[in-house]
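J.: dropping a prediction and its sequence here:
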Amino acid sequence: MLDLCLLGTGGMSPLPKRWLSSLLVRFQGRLMLLDCGEGTQISLKMIGWGFKEISTILLTHLHADHVAGLPGLLLTIGNSGRTDWVTLYGPQGLSRVVDGVRAIAPHLPFPLEWMELTGGDGLTLDGLEVSTLAVDHAVPCLAYALHVPRGRRFNPERARALGLPVALWSRLQAGEAVEWQGRRVQPDEVLGEARKGIKVCYATDTRPTPELPGFVHGADLLVCEGMYGSPDDLPKALGNKHMLFSEAAGIAEAGRVGELWLTHYSPSLTDPEEWLEEATRVFPNTRLGYDRMTTTLTFTDSSE
């Protein structure tokens with residue numbers, strides 16, 4: 001089970017009811033944050049999920065509307081009583097951001113670590129498999145895919161037919177071969193077909209790229225920027241390396257995702273609802289993101 005909360009949906013500058021970009025993920029009691037724009041910790045306080053369990057922060061890029069909330073957030077995490085490490089991940093140049101954070105918040109009660117990533121890097125963080133893709137913005141920028149793997153179903157009837165003692169079952173279920181009565185038993189002998197896990201993708205501050213549909217393919221949820229709603233704003237989208245609603249929907253359609261949440265609206269886009277049809281005519285299962293929008297994703301029945 002994966003809980004998600006879209007903490008902020010604004011781009012460039014905040015509005016009275018719209019903070020800047022951030023997505024919170026809760027998995028197995030741990031919290032992971034994607035981007036940390038201005039107002040992030042305010043939304044965090046409002047939803048009540050807490051601060052102490054934030055161990056990982058993934059940054060798409062280093063523009064202020066995605067990182068300016070970091071100093072205050074890290075201080076609040078420290079005030080929550082956290083003493084375990086917090087790790088920041090982001091594109092090239094992240095070390096300069098960490099230097100700035102340390103200048104503002106020099107006495108954090110936990111170790112602050114960081115790692116610079118490039119597109120194609122893969123990580124396992126707090127039980128989540130994390131993939132990255134370099135996207136097309138004015139500065140180095142990454143899209144992220146989070147995957148909760150699901151193990152293959154163990155077949156006890158097959159195990160009994162092989163005469164395997166119960167004490168060996170857990171090792172086989174974990175994918176380990178075992179020795180029994182002079183022969184090596186492989187996991188494939190007692191495990192069923194591969195099962196679909198849970199996949200969430202987060203892509204913001206980019207033009208559409210040829211790689212994005214494949215990267216997000218099959219995601220249960222795609223959280224994607226929709227900086228502009230009107231087709232007339234295409235010149236702005238091209239010049240500023242952002243997307244229209246229809247372009248984000250095109251990626252969702254090509255990637256055959258389950259659901260699309262639009263986010264990262266321009267401050268001039270005061271009524272996203274006016275342009276929602278630009279997305280839904282391309283990809284019907286599109287929703288307009290709003291601050292503190294939440295959902296819970298679980299393994300689908302079809303993967304039972």
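T.: Alright, I've got the coordinates.

J.: how is the chain divided into domains?
T.: 2-150+196-296, 156-189 (automatic domain parsing).

J.: helices of the stretch 101-250 of the chain, start to end?
T.: Along the stretch 101-250 of the chain, counting by DSSP state H, counting those that start in this stretch, helices occupy 156-161, 169-173, 212-216, 234-240, 245-254.

J.: so which of these is nearest residue 61?
T.: Residue 61 sits nearest to helix 234-240 of all the helices of the stretch 101-250 of the chain, at 13.2 Å, using CB to CB. Glycine gets a C-beta too; all of them are placed from N, C-alpha and C.

J.: the closest one - what's its average pLDDT?
T.: Computed over helix 234-240, the mean pLDDT rounds to 97.

J.: please identify the buried residues of that helix?
T.: Within helix 234-240, the residues that count as buried by 16 or more other CB atoms under 10 Å are 237, 240.

J.: got the CA coordinates for that helix in PDB?
T.: Below are the C-alpha coordinates for helix 234-240, written out as PDB (Å, rounded to 0.1, in the frame of the first residue of the first chain):
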ATOM      1  CA  LEU A 234       2.200  26.800 -26.700                       C
ATOM      2  CA  PRO A 235       4.800  29.500 -27.500                       C
ATOM      3  CA  LYS A 236       5.300  30.100 -23.700                       C
ATOM      4  CA  ALA A 237       5.500  26.300 -23.100                       C
ATOM      5  CA  LEU A 238       8.200  26.000 -25.800                       C
ATOM      6  CA  GLY A 239      10.200  29.000 -24.700                       C
ATOM      7  CA  ASN A 240      10.100  28.100 -21.000                       C
END
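
J.: quick one on the thing from earlier: distance to residue 281 added to the helices of the stretch 101-250 of the chain, as CSV?
T.: Below are the helices of the stretch 101-250 of the chain laid out as CSV (distance: least, CB to CB, whole Å):
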stretch, distance to residue 281
helix 156-161, 49
helix 169-173, 46
helix 212-216, 18
helix 234-240, 16
helix 245-254, 8
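
J.: ranking the ones you listed by burial, who's on top?
T.: Comparing the helices of the stretch 101-250 of the chain by mean neighbour count (mean count of other CB atoms under 10 Å), helix 245-254 comes out on top with a mean of 24.

J.: hang on, the earlier thing: of the helices of the stretch 101-250 of the chain, which is nearest residue 1?
T.: Smallest distance to residue 1 across these (CB to CB): 20.0 Å, for helix 169-173.

J.: what mean pLDDT does the closest one have?
T.: Helix 169-173 shows a mean pLDDT of 89.

J.: which secondary structure elements does that helix contact?
T.: Judged by 3 or more CB pairs under 8 Å, 6 or more residues apart in numbering; DSSP states H and E, helix 169-173 is in contact with helix 156-161.

J.: and the helix it packs on, what does it pack against?
T.: Contact here means 3+ CB pairs under 8 Å, 6+ apart; on that basis helix 156-161 packs against helix 169-173.

J.: next, the buried residues of stretch 47-55.
T.: For stretch 47-55, by 16+ other CB under 10 Å, it's 49, 51, 52, 53, 54, 55.

J.: before we move on, what about stretch 288-303?
T.: For stretch 288-303, by 16+ other CB under 10 Å, it's 288, 289, 290, 291, 293, 297, 299.

J.: please apply the same query to stretch 123-132.
T.: So stretch 123-132, judged by 16+ other CB under 10 Å, has buried residues 123, 125, 128, 130, 131, 132.

J.: centre of the chain to that stretch, how far?
T.: 10 Å (CA atoms, centre = their mean, to the nearest Å).

J.: can I get that stretch in PDB, CA atoms only?
T.: Extracted C-alpha coordinates of stretch 123-132, given in PDB (Å, rounded to 0.1, in the frame of the first residue of the first chain):
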ATOM      1  CA  LEU A 123      18.100   3.200  -6.300                       C
ATOM      2  CA  THR A 124      16.300   1.200  -3.700                       C
ATOM      3  CA  LEU A 125      15.200   3.600  -0.900                       C
ATOM      4  CA  ASP A 126      13.100   2.600   2.100                       C
ATOM      5  CA  GLY A 127      11.900  -0.500   0.200                       C
ATOM      6  CA  LEU A 128      10.900   1.400  -2.900                       C
ATOM      7  CA  GLU A 129      12.700   0.900  -6.300                       C
ATOM      8  CA  VAL A 130      13.400   4.400  -7.700                       C
ATOM      9  CA  SER A 131      14.300   5.100 -11.300                       C
ATOM     10  CA  THR A 132      15.300   8.300 -13.000                       C
END
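
J.: the buried residues of stretch 288-303: which two are farthest apart?
T.: Pairwise distances among the buried residues of stretch 288-303 were taken by CB to CB; the largest, 28.1 Å, belongs to 291 and 299.
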